[in-house]
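Enquirer: Return a 3D structure for these sequence lines:
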Amino acid sequence: MKTYTPETQDDWLAFRRARLTATEVAGLHLNRTVRHWQNLRDEKDTGIKAMTGNQYTAWGHAREPEIAAIAQGLDSRLLYNDNPQVIVINPDDDRLCGTPDLFSDEDGVIKVIGECKTSKHEFIGGKFHPWCPDQYYLQCQANLWHTGAEACILVVEYYQEDDGRFVPYRCERRVIIPNQEVIDALAATAREWFAWVEQDTRPGWMGEDLGLDGLDELTGLVESLARADEHAKHYKAIADKAKADIIALTGGAHASTVAGYKLSVSQVAESTTFDTTRFKKDHPDLVAQYQKKKAAYTTVRLTKGKD
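Expert: Numbers count the residues shown, from 1 in each chain. Prediction:
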């Protein structure tokens, strides 16, 4: 394994700032927005973090040794990675690193790692795992990737908050194994990140550079359009069902005034239509004679991206 052992907390922070950490690549993969990526880029450039901690992160740090002891009780090979933490470097790309809370060391080989978490809300899973939240699952996968470990023991301690006091009440644990498909996706995200920050090559999903203010406005408009599309689909389904139920109730023929509306239910007579597809196939020469240009116009279409 490739590691770096910092001498001080400032040394630890500086080393991580110069690299992409497991937590960061997980966040980049989950949050494919220009604002999130730009904020992280600004933090790397300036060393000023937007989020420096609060009472919840302080509680998590304070509880970490106790939770680590639980993980060690499950696998005695695990060693607690105390502050300043040893940093594990990706064997194939030293721009990537991770700091697992625990890891085994068998003649320089890491077989198992451990992660300690605290949470006010019980885990109910996400897109990637039926129990583990997405950010934590991707962080585990990134550390599994960097360390080459065969498994990660994830222990979470739940707590209740009462007038500013945190009271732990239960622990859960799961074994997370490497998921190569997810690791490959994280690696692709890392490549996009480095191409952007080192070569100024924007990922395709970013589109043109509108600036952060323009991007915020565009994001709001797209979200509004997406909601409108969903509402339209929802209400069309309601309308289609109501029409089918009216036809069934009236027997397909009815005329009256109901609820202030004139209602007419009738059978549409059989008719004939022009078979354009067949005509184009049988008489392409005639089609060409009668074609006319249609003015160009701009269209907007939303397609849901893959998770």
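Enquirer: Grab the nearest non-local neighbour of residue 77.
Expert: residue 104 (3.9 Å; C-beta to C-beta, 6 or more residues apart in numbering). Just so you know, the C-beta spots here come from the backbone N, C-alpha and C atoms, and that holds for glycine as well.
Enquirer: what are the ranges of the strands in the stretch 101-250 of the chain?
Expert: 102-103, 112-119, 151-162, 165-176 (DSSP state E, counting those that start in this stretch).
Enquirer: Out of those strands, which is the most enclosed?
Expert: The highest average neighbour count among the strands of the stretch 101-250 of the chain, using mean count of other C-beta atoms under 10 Å, belongs to strand 102-103 at a mean of 26.
Enquirer: Around the residue lying closest to residue 2 once chain neighbours are set aside, count how many other residues there are.
Expert: Closest residue to residue 2 apart from its sequence neighbours, by C-beta to C-beta, 6+ apart: residue 89 at 4.1 Å. By other C-beta atoms under 10 Å, 19 other residues sit near residue 89.
Enquirer: Of the strands of the stretch 101-250 of the chain, which is nearest residue 130?
Expert: When the strands of the stretch 101-250 of the chain are ranked by proximity to residue 130, the top entry is strand 165-176, at 9.6 Å, counting by C-beta to C-beta.
Enquirer: residues contacting the closest residue in space to residue 177 that isn't next to it in sequence?
Expert: Spatial nearest neighbour of residue 177, excluding adjacent residues (C-beta to C-beta, 6+ apart): residue 151 at 5.5 Å. Counting by C-beta atoms under 8 Å, 6 or more residues apart in numbering, residue 151 makes contact with 111, 112, 113, 144, 175, 176, 177, 178.
Enquirer: on that earlier part again, kindly reformat the strands of the stretch 101-250 of the chain as JSON lines containing distance to residue 8 and mean pLDDT.
Expert: Formatted as JSON lines, these follow (distance: least, C-beta to C-beta, whole Å; pLDDT from 0 to 100):
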{"stretch": "strand 102-103", "distance to residue 8": "21", "mean pLDDT": "98"}
{"stretch": "strand 112-119", "distance to residue 8": "22", "mean pLDDT": "98"}
{"stretch": "strand 151-162", "distance to residue 8": "27", "mean pLDDT": "97"}
{"stretch": "strand 165-176", "distance to residue 8": "29", "mean pLDDT": "97"}
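Enquirer: now the helices for the stretch 101-250 of the chain?
Expert: For the stretch 101-250 of the chain, the helices defined by DSSP state H, counting those that start in this stretch occupy 134-147, 180-199, 211-250.
Enquirer: Burial-wise, tell me which of the ones you listed comes out on top.
Expert: helix 134-147 comes out most buried of those by mean count of other C-beta under 10 Å, with a mean of 25.
Enquirer: That one vs strand 112-119, what angle?
Expert: Angle of helix 134-147 versus strand 112-119, following axes from the mean of the first three to the mean of the last three C-alpha atoms, to 10 degrees, is 160 degrees.
Enquirer: ok, and what's touching helix 134-147?
Expert: 1, 22-23, 25-27, 29-30, 88-91, 96-100, 103, 110, 113, 115, 117, 126-129, 132, 149, 151-152, 154, 176-179, 182-183, 186-187.
Enquirer: do the same with stretch 1-12
Expert: Contacts of stretch 1-12 (C-beta under 8 Å, 6+ apart): 15, 83-91, 94, 97, 105, 108-110, 147-148.
Enquirer: at 7 Å what do you get?
Expert: Contacts with stretch 1-12, where a contact means C-beta atoms under 7 Å, 6 or more residues apart in numbering, come from 15, 83-89, 91, 108-110, 147.
Enquirer: What of stretch 40-54?
Expert: 17, 24, 28, 39, 197.
Enquirer: 8 Å instead?
Expert: Stretch 40-54 is contacted from outside by 17, 18, 24, 27, 28, 39, 196, 197, using C-beta under 8 Å, 6+ apart.
Enquirer: Is it possible to get TSV of those that adds secondary structure, pLDDT and distance to residue 303?
Expert: Below are these laid out as TSV (DSSP: H, G, I helix; E, B strand; the rest coil; pLDDT from 0 to 100; distance: C-beta to C-beta, whole Å):
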residue	secondary structure	pLDDT	distance to residue 303
17	helix	96	37
18	coil	97	37
24	helix	98	28
27	helix	98	24
28	helix	98	22
39	helix	94	26
196	helix	96	23
197	helix	96	28
